[in-house]
Each structure stands twice: as structure tokens, then as C-alpha cells.
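Peer 1: this one's sequence-less:
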């Protein structure tokens, strides 16, 4: 009794629970920096297209504010509250994906990936919803399965869960990158949940071999047809494919290369003058490189590393498995997107549309990322500093 | 729910995942380092090429000046009008104004205005006043660039020699072509920074690479002599209703050409204008052929049978080989039989007994046939080649025609006989003038030329042109004898009409029938030089198809006489007869 009393007493002092301000400030810094870069990268095109230099900036600012408010709300709701909605979330995300095909769906950049929100000029990307719901659903599944996650059956089951969503996103919205990200998040979480290594090493080797074989076949095949293979050929030699598939990649490389060590200075990018498509979006990292140079790029990569490090600390100290798995899912989501985005703009991997978390223009993406951060912050709050 | 064992396992895995991510990020950082440090210059250069649009600035073409520094070819400022598709705001207005001001068809302008390109040229060589007027409209997307256009102050003077330039200021014919590399200079560039649609980025400014002006070309032509010779040729053409008249004046000591006239000349400021009455209802190809004919320099591009003026060559070969001397005597019955052919003398009654000097004065065909036959095919051919007649003269004008001569193995006595008095083969007038010069100047085969030096912007000579000279074509003694004989031709023989009061002139006339024989078309010509004992100037006058009297002595010799009467005092040649 006495022990319990003193615990209650300590709880009232409000120091034994943890609020991760470091994480919050890193996120706020990235958001602020993102707004500056969106303005810099988009103002020229925005003036030409909409007659308003701040067109993209304003829209992103609204999304950021909305996202931060939601984040604060989520951060204050105990995360176990969401566990009961895991299955519902899974269903909702599937429904939203198929809603793209209804008249509410909006086509842009040659793909139908958005749902118009009635009464506003904002759109919702179901893939972003699906990422969040998948994290939630998988975290709850890991908890439900308990030790059986470590068995082969459990492992296969865990991999089978995200497949319907992955396939739907790939087939219905023709969005390969989001499908790959969801698959990546699932792998990430399964890897952490399962105590085994052997399966993952074998899977990694098999995957690497498959990729190598695919590239070998594509390079040696005389007449390869189709969108994807052209992308891969453009990836291998962007300068000779500069007219079509390699165009965006080459323009990104021009931007990165011409930035040099110190960059041209904020606002001085040439490539943003409509040379580089999607300069404020998927390709924003190359504008950062052009304007702020290698130092700017290193600073951004360091910020993301710190963000991941904070999440690792939170996951390691999470009060229970569900909290840890939620944080691992968010960590995986952010890590995969950052890595793939930088890999795409530097032409390290073939070109596919992936945005840079918190920095790229895109409302759905930033709102759902901030909700995820809210979850992480709430998990952090539940960490008991003293036992 | 969370056992300690599991917790440790999860922590380990989360650490692995985190450090795995850090490792991948380090790899990407390495990739960035490579792109932004090692490849930075490569991509920066490619990017700059992409961002900058080039506009070239024409270089001022070098002028052409005569030996006294008179400008024969100059530049005047003209404008080039272009449109930039993306910057045009009112296409209809632009089309309307450009059509009106530039006198172009609406279709033509419209097509260019609507064409999606970074820059489309509408018209070049527009007068400066029109260009200024278009600039004053201040139309968005219309560019007026100033550049230079060739301008020839004397219009027709020396047209076939000087030549003219095309739309890009490049030489088309004449000296403008040959000295292109000195005259043209180096074009400059304006580099403007633009966005992806080609719209100029204002704050980025522009870079200029300044053009380098071409060198001035100084030529040996003397505008005064050229003008006077043109006047004489024009008069002669009118008086004799001839097809064309050409006069060339050269310094036989070094090959510098003082004048080269081919009337009818054409207007260098309007070279594409066809004479009235022609050019209507004929195809473009025919028009071009007509123009090529008008631009043709007969002294260089066309060959003819030289006729009796060629006896200078036969005489020099005979004297050099020793088969004839000035004292050799001949008898002319009015014809000579070679193999089975009877070759007539122009004086059918015959010249009777005469020595070699008299025979030259009389231009007696049988005597020169005899000299030719004495030399034989081998020797004659040897001298023909030694004198440089088989080669081109190497004059600094384009399109020099080669000699049309029998092959040595095809030459029999009949061919040899006809060649000896200048028939059955063809050479250019410049070839005859050059060979005659070499025979009378002491045996130096000189290269006829116009170009003297190229002078750079600050007046420094960038190049003094050198021309090959072959010495010992004939001996000094033969040369001296030839000068004596040819002086006699003018003072006492068939060249009397070439004589100038108070001066000592040497020369030879010719009257050659053109092919086909019996057509009644003749070429009258005369080669004269002065002073006869130390030639400083040599001239050839050729009258093509004169009506009425067609003898060289009657038609061509007086032209050279009048020329010499005026230019010898002008050139300061004051050597009087004893």
C-alpha cells in the first residue's frame, strides 16, 4: 500500500513521465525548413501558373497547421485507444483505395491517386491513410499472435496481411512506390517482432539475387517494352535517355551537381525555373542540394538520422509491445521514404515517385505523418522514467 | 506482456534496423559526395548549357582596299529581325507590323511567328532605318539585332574580281571567297539565361563574348586604272557591238594585277538582279545559270584560242633552243604544206623574203610553223611545260580554268604547226598574260595576284602574302631578244596601232576565229607592255565577237594604246623614245 501511495504521489509531480521534446523540435525544424524550401522551389512556377508566388506555400502551411493540431490531439490520447480500430482502419483504407475509381477520384499527373474532399480544394491520397492503418493493424496483430510470430506460419501470415492493400494500391492507383513502402513497413515490423534472423538473411539474399537478375535481363534484352523497363534503362544511363524517361533524373542530377560543396545560395536555384519537373515535390531534395550544397544535404540527412534515433530510443523504452511496434512502424515508414527519396534523386535507384517526409509538398502525406508522430509522442509519454 | 528476454531481443533488432538505416544513409551520402564534388563541374557545365540561350553577334567583315588605300568593299550597319515564340504577346499585331515594314507575305511571317522555337529569323540585311522603326513599336518577342552588310562604294567596279557576300556575310565569288579566312573575323555570342520555356531571367543578366573584326585586305588593284580600263572597255564594247571586252593590266615583274575588267560588269550591291527583259518566266535553276554567267570572270574562268599572240611563246622557244635567230631568213609564199595539209598565211599573196624579226612584225604563219617544226614535238612540248602553260597560274581568284592542250602522244606535225601560231588549243587570258610576262621579264615565271597584305584592327600587318616565282623559264638573253622583237612589232609591224607617242612599247596582236570555223565570229586581242626595254606594265585587251572590222591590230591595239597613254604618265613611267 505504501509503495502504491508513493507511486501515486510521484505521478502527481508529473516528472516521472516523459515528453520527447527533442523529437518534437526535430519535426518542427523539418516542417519549417520544408516550408522555406517549398517556397523557394515553387515560387517561380506558382507565379507562372497561379499568379501567386506563395500558392504552394500557403496550401502546405494549412496542411502543416492542420497536421500539427491533429498531432497534438493524438499525442494526448492513450495509444491503446486506437487498438480497437485496427481492423476497421484496414477495411477503411481498402474502401478509400477503391473510392479513387468513383467520380470522387481525381486524376493528376497522368495517374488517378487522389480523392477530392467535398467543399474544399484539398485532396486526400488513400495510400497515405493505408500506411497509417497498416502500421496500426500490424502492431495489434503482433501483440495478438504473441510468440507464434516467430514460427514460419506466423511469419508467412504476417507477410500475407498487407498483401491485399499492397496489390490494391499497385493495381487500382498504379502507385508502385506506395505499395513498396507499405510492403517495406510490414517487413520492417515483422523483422523486429520475430526473434529469428535466418529467414531474413535468406530473404535478403534472394531479393538481391532477383534484382540483379532482373537488371541483367533488362540490359541484355534486345527489345524491352513497357514503362518500367524503360525506367530501368534510363536509370542505368540517364544522359543518353535524357529525352524521355531519364529527363527528370538528369535534371535532378544537374541540380545536385551544379550545387557543389557550398551551393548557389538560398533561392538561387536555376533548375527550379521549370527545368526540373516536380521541383517542390518528389525532387525537392535536389533543389536543396543545388541551393544549399553538400552541407545543406548533410544537415538534412543528419536531422532525419536524429529523428530515427529518437524513435529508436522510444521504441526501446516503450511500456509494451504494442507501443514499441507502433513506433517501429512509424520509424520504418520514415526511414524507407527518406532513403528511397534520396536514392531516387541521386539516381542510385530507378526513378519512382516518393516524397521526402515533412519537406516535400503534399498535404495528405504531411498530415498522416504528423498523426504518426503524435502516436510516437504518446508512446513516449507512457514511458516511466522511474520504476 | 513483455518478457525481459523478448524485450532484449526486440531492442537488439531495433538497433540493427536503426544502424542499418544509418549505414544506407552513409552510402547515399557517399553518392552525394561523388555527385557534388567529383562530378560537380561536369553537371554544372551541362546545366549552364541548358540555361543559356545563344545569340551570335556578327563580326565586322574586313574591308578591301586598293593599292592607294581607297576602300573598294566596306560594311554598313543593317538589322536582323527575329522573333522569340514564347515572348510574343500579340501575334496578330506582330505579323501585321512585320509584313508591313519588311514587305513580306503574311503566310511567310505567320509561319515563323507560330513556329515553336527558341528564336526564328524573319529577315536579315534590313536597312537600319526600318530596323529602328520596328524597334520603336516595342513589340514583345521581336528582336532587332544590328549587324553589318557588305557595301561596295563603286558599284560595278571590278565586280567579277572583288566578288560579293551572301546573307551570312560569307564570300560568294571573287576575292571575297579566296580571302574569306582573313576577312570574316570571329563571330561573338550573347548568352542569355532563360527558364525552361525560353523566357529570359531578368536578374541573371547576359554574358557577351565580343566578336573579333576581320582583317582589312589590301590588294594591288588601282582604282583609277581599273576605272579607266572599265571606261575604255565599255566604249569598245559599244563601238564594236562586241559580246564582251576584257582588259587586264599587270606588273610583269612581280605579278601584281593593277586592273582586271570584264564588261559587262554587274552591280555588286545588287548581284542577284537579272538584266531587264530576262529572268521572267524561267525556272530558278535557269535563273541561277543566268546569274552564274553574269558573275563569270572571263579572264580566268574561260579559255580561248590565243591565236597570233601565242607566237611570242613559239618565238621564245625557238630562240631559246637556237633553231632560229633574229638574222634567220625565211620566204613566205602565202602558205606552207605540213604533211598532207596546206596551211595558209593570213596574207594569201605571201610575205616573200623576210628575216625572223620581220616575220614576227608581219605575224607570218608559215614562218612560225617552220620554227615549230624545227623544234619538233618533243622540244615544243618541253617548252610548253617549262613556260608553265600546262599548269594553272595560281591566281588568287576562284575557278581558274586549266589549259586544254593536245596530249603529247596525239601530237603530229599538223597539230604542232597549228599550235605554233596559237590555234587548236585553249588557254585563259591570264595564262597568256602571265606567260608573256615571264618571257619579257628575264625569265621569271611570276604568279598573277591581287592580294598584297592583310591588316588587323590596329593597323598592324597580320599577313603579307607571298607568291611563288620560278626563275629561268628562258634565259636573260632570249628575254632581251624577245623584248627587242616585240618592240619592233609595235614600232614597225602589225602592232602599230598600239604605239604611244613618246613611249617605247612592245606588243603583239592576234585575231582568232572562234570555233566552229566559218561562223564569222572572231576574237581580237592585243598584248602590250611598256617600257619595252624594262617592262613595268603589261596589258591585254580582248574583244569578243566585234562587228565590222575584227582584226586585233584594228580593234584591240588602240584600246591598249589609249590605256597606256593615260596610265604610263600616271604610273610615273617617263621613258621616252630616243
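Peer 2: That came through, no problem. All of these numbers come straight from a predicted model, not from anything done at the bench.

Peer 1: Using the three-state scheme, assign residue B:401.
Peer 2: Three-state call for residue B:401 (DSSP: H, G, I helix; E, B strand; the rest coil): coil.

Peer 1: what helix or strand does residue B:336 sit in?
Peer 2: strand B:335-338 (DSSP states H and E).

Peer 1: How far does the strand of greatest length in chain A sit from its chain's centre?
Peer 2: Identified as the longest strand of chain A according to DSSP state E is strand A:111-116. Here the centre of strand A:111-116 is set off from its chain's centre by 18 Å, with C-alpha atoms, centre = their mean, to the nearest Å.

Peer 1: and it, which strands flank it?
Peer 2: Here strand A:111-116 is paired, per DSSP bridges, with strand A:105-108 (antiparallel), strand A:123-124 (antiparallel).

Peer 1: Return the set of buried residues in the first one.
Peer 2: What that stands for is strand A:105-108. residue A:105 (16 or more other C-beta atoms under 10 Å in any protein chain shown). For every residue, glycine as well, the C-beta is placed using N, CA and C.

Peer 1: Give me the contacts around that strand.
Peer 2: A:99, A:112, A:114-116, A:123 (C-beta atoms under 8 Å, 6 or more residues apart in numbering or on different chains).

Peer 1: With pLDDT as added columns, please give those in TSV.
Peer 2: Output for these, formatted as TSV (pLDDT from 0 to 100):
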residue	pLDDT
A:99	88
A:112	78
A:114	82
A:115	84
A:116	81
A:123	81
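
Peer 1: Next, count neighbours for whichever residue of the stretch 251-400 of chain B sits closest to chain A.
Peer 2: Per C-beta to the nearest C-beta, the residue of the stretch 251-400 of chain B with the smallest distance to chain A is residue B:284, at 37.4 Å. Neighbourhood size, residue B:284 [other C-beta atoms under 10 Å in any protein chain shown]: 7.

Peer 1: Would you mind measuring from residue A:277 to chain B?
Peer 2: 9 Å (C-beta to the nearest C-beta, to the nearest Å).

Peer 1: Need the residues that contact stretch B:370-378.
Peer 2: B:314-315, B:317-318, B:321, B:323-324, B:330, B:336, B:338, B:356, B:380, B:383, B:408, B:411-413, B:416-417, B:419-421.

Peer 1: Next up, the contacts around residue B:425.
Peer 2: Counting by C-beta under 8 Å, 6+ apart, residue B:425 has contacts B:305, B:403-406, B:419.

Peer 1: repeat that for 6 Å
Peer 2: By C-beta atoms under 6 Å, 6 or more residues apart in numbering or on different chains, residue B:425 lies in contact with B:404-405, B:419.

Peer 1: Touching, residue A:355 and residue A:363? I think so.
Peer 2: No: if you go by C-beta atoms under 6 Å, residue A:355 and residue A:363 don't touch, sitting 11.1 Å apart.

Peer 1: Who has more neighbours out of those two?
Peer 2: Comparing residue A:355 with residue A:363 by other C-beta under 10 Å, the one with more neighbours is residue A:355, at 25 against 20.

Peer 1: That one is in what secondary structure piece?
Peer 2: Using DSSP H and E, residue A:355 sits in no helix or strand.

Peer 1: I'd like to know how far the most centrally placed residue in chain B sits from residue B:73.
Peer 2: With distances taken as C-alpha atoms, centre = their mean, the residue of chain B nearest its centroid is residue B:174 (2.3 Å). Distance of residue B:174 to residue B:73, computed by C-beta to C-beta, to the nearest Å: 10 Å.

Peer 1: shared neighbours of these two, anything?
Peer 2: With C-beta under 6 Å, 6+ apart, residue B:174 and residue B:73 have common neighbours residue B:162.

Peer 1: my read: residue A:132 touches residue A:367, true?
Peer 2: No: contact criterion C-beta under 6 Å: residue A:132 and residue A:367 do not qualify, at 9.7 Å.
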